[in-house]
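Q: A structural model of the following input is requested.
(2 chains)
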Amino acid sequence: MAARKANEARIVLTGVGLTAPNGNNLAEFRKSLLAGKSGIQEFNIRYMGEVVAGICHFDPLKYQKKKDLRRGTRAGSIAIYCAQEAIADAKLDLACLGKSRVGVYLGITEHGTVETENEIYEIKQFDYNVKYWSHHHNPRVVANNPAGEVTLNLGFTGPHYTLGAACAGGNIGLIQGLQMLLLNEVDLALSGGVSESTGSFGIFAGFKSEGALASHPDPEKACRPFDKNRNGVVVSEGGCVFVLERLSDALKRGAKIYSEIVGYSINSDATDFIFPSAERQVECMKLALNKAGISPEDIDIINTHGTGTIEGDPVECQAIREVFGEYPHAYINNTKSFIGHTMGAAGALELAGNLPSFEDYIVHPTINLDHLDPKCPLNNLVINEPKKIDKVDYILNNSFGMLGINSVVIVKKFEE
Amino acid sequence: MTKEQIKDTILKIIAQIIPDEDLSNLKGDIPIREQVELDSMDFLDIIMELRKRYGIEVPEDDYIHLATLDSSVAYLEPRMREL
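A: Below you'll find the predicted structure:
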């Protein structure tokens, strides 16, 4: 057991705001995950035509004016929606918040690709004359844009920035918020991740050129991690922002507490631009377990990173077997099978989808798994149907990214 | 274009740039920015739209002529008359 920490040194999740291709709040998202409802659809993208993708259907005008939408970015809009929803969910009174003590930390896979492609497309009709290049370009593409738009929208004057961490971004946004709370730099952190990747033909084309863009006649079956017939990534947009607070503050205001972040880690493969390393993923999971002061047998649910690529999925399975092989009771699922790869949002969004398990003891499955790849054997992989289990005390969330960035977050059922 | 058509064109451009604003009572002789929320980046959008849609270049020194609706029509009329 981990040594008991003071409440000031314990960081808890007290609000969730999200948009996923199959739900625009946690209740809707969870309902879809338990009902096996995919959010993947046909999508037409410039220069490529029909692809499959995960598109979010939230109402951006709920928290923004039309002019804000015209001037800002889709990532900014997703971030604002999620941040506002998280604050409402946490029942925080904006008027009473010390606005200079709120930090906004959002993970991103990339930012600016969509806006740059759009501008180049626009000036193409003017024979690439750059006098037609928009004066809005730079504020749209600066890397802090999605987090900055949140502060503009909400009037928060504390720190804001994004964390460029490829597809590990969502977890790393969370970890950054936790660290800033522990350092007493802020009193409230809006942490998570966002992605607007579906606006970029280049991201689809890049995966296609790698031989790693998913396709299927039925879009809802396109994302099939661990299946023998998987054929790549489904590109999706999405966002998830958590309200993080020190436990002492959360208790003081009587907040609803979803869970406590007890373990985390970030490390690097240092081996390849794209191909992952099981050795470093093992190390990353072990580091997070050590930080939490628990052993693999304490984990009840593992949300896998598995994106549905031929090469990537078996590596993660190997890593999980190595860490959990002797303690096979943890149930394993995959959230991307429902929503595709929400890139910078993935870590946070997939964690959110699992949080209700602390209350309902149900593990949502990995769907579209018709023929398990013999290279991906996992104990207790929850396949196609949700699984009711006896207890859920700890959830481990894997999130890995290109250039060999690995992240793991472990959350614990809240107990005073 | 007639002066009336030029005025309509300017109003349509402004409506696209600040879609949340009500332009129905915009007075012609009062600076636009005193009547609606239109910041410097929005103003540059007007300049860009004139360039993109009609090939009209407004030098920076002439921006002052686009302060009110009436002065905009007067300034643009010789440039848009033949469109």
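Q: Name the nearest residue to the residue in the stretch 51-200 of chain A positioned nearest to chain B, sequence neighbours excluded.
A: Residue nearest to chain B within the stretch 51-200 of chain A (CB to the nearest CB): A:Lys66, separated by 4.0 Å. Yep, even glycine has a C-beta here, placed from its N, CA and C like the rest. Closest residue to A:Lys66 apart from its sequence neighbours, by CB to CB, 6 or more residues apart in numbering or on different chains: B:Pro19 at 4.0 Å.
Q: where does that neighbour land in three-state SS?
A: When classified by DSSP: H, G, I helix; E, B strand; the rest coil, B:Pro19 comes out as coil.
Q: ok so, going back, surely the residue of the stretch 51-200 of chain A closest to chain B touches B:Asp20?
A: Yes - because the distance of 5.3 Å satisfies CB atoms under 8 Å, A:Lys66 is recorded as touching B:Asp20.
Q: quick one: secondary structure of A:Asp390?
A: Secondary structure, three-state DSSP: A:Asp390 is coil.
Q: Look up how far chain B lies from the residue nearest to it when sequence neighbours are not counted.
A: Distances taken as CB to CB, 6+ apart place A:Tyr361 nearest to A:Asp390, at 7.0 Å, with adjacent residues excluded. Per CB to the nearest CB, to the nearest Å, A:Tyr361 is found 47 Å from chain B.
Q: how about A:Tyr264, secondary structure?
A: strand.
Q: Now do the same contact list for it.
A: Contacts for A:Tyr264 (CB atoms under 8 Å, 6 or more residues apart in numbering or on different chains) come out as A:Asn171, A:Leu174, A:Ile175, A:Leu178, A:Ala288, A:Lys291, A:Ser407, A:Val408, A:Val409, A:Ile410.
Q: So the third one is in contact with A:Ile266, correct?
A: Yes - the pair A:Ile175 and A:Ile266 passes the contact test of CB under 8 Å, sitting 6.5 Å apart.
Q: Which one of the two is surrounded by more residues?
A: A:Ile175 (26 against 20; other CB atoms under 10 Å in any protein chain shown).
Q: okay, the more buried one: pLDDT?
A: The per-residue pLDDT reported for A:Ile175 equals 98.
Q: can I assume it sits in a strand?
A: No - under three-state DSSP, A:Ile175 sits outside any strand and is assigned helix.
Q: Skipping adjacent residues, who's closest to it in space?
A: Using CB to CB, 6+ apart, the closest residue to A:Ile175 is A:Tyr264 (4.8 Å).
Q: so that neighbour bridges to which residues?
A: For A:Tyr264, the beta-bridge partners are A:Val409 (DSSP bridges).
Q: For A:Leu351, see how far away it is.
A: 11 Å (CB to CB, to the nearest Å).
Q: residue nearest the centroid of chain B?
A: The centre of chain B sits closest to B:Ile10, judged by CA atoms, centre = their mean, with a distance of 4.2 Å.
Q: what about residue 49, how many residues close to it?
A: Chain wasn't specified; assuming chain A. For A:Gly49, the count of nearby residues is 9 (other CB under 10 Å).
Q: not what I meant, chain B
A: By the criterion of other CB under 10 Å, B:Glu49 has 18 neighbours.
Q: Chain neighbours aside, what residue packs nearest to it?
A: B:Ile13 (4.7 Å).
Q: Same question for A:Lys256.
A: That would be A:Thr14: by CB to CB, 6+ apart, it lies 6.4 Å from A:Lys256.
Q: how about A:Ile301, phi and psi?
A: Main-chain torsions, A:Ile301, degrees, to the nearest 10: phi -130, psi 140.
Q: Need the three-state assignment for the residue lying farthest from the centre of chain A.
A: For chain A, the residue at maximal distance from the C-alpha centroid (CA atoms, centre = their mean) is A:Asp127, at 39.1 Å. Assigned by three-state DSSP, the conformation of A:Asp127 is coil.
Q: Now do the same for the closest residue to chain A within chain B: its pLDDT.
A: Residue of chain B nearest chain A, by CB to the nearest CB: B:Pro19 (4.0 Å). pLDDT recorded at B:Pro19 is 97.
Q: I figured it hits A:Arg71, correct?
A: No - B:Pro19 is not in contact with A:Arg71 according to CB under 8 Å; the separation is 11.0 Å.
Q: neighbour count winner among the two?
A: More crowded of B:Pro19 and A:Arg71, by other CB under 10 Å: A:Arg71, with 20 against 13.
Q: ok, and the closest non-adjacent residue to that one?
A: A:Arg71 sits nearest to A:His136 (CB to CB, 6+ apart), 6.0 Å away.
Q: okay, now that neighbour: neighbour count?
A: 18.
Q: how about the residues of chain B near chain A?
A: With CB under 8 Å from any CB of the partner chain as the criterion, chain B meets chain A at residues B:Ile17, B:Ile18, B:Pro19, B:Asp20, B:Glu37, B:Met41, B:Asp42, B:Leu44, B:Asp45, B:Met48, B:Arg51, B:Lys52.
Q: what about the residue most central in space within chain A, helix or strand, and which?
A: Per CA atoms, centre = their mean, the C-alpha nearest to the average position across chain A is that of A:Ala346, at 2.4 Å. Assigned by DSSP states H and E, A:Ala346 belongs to helix A:346-354.
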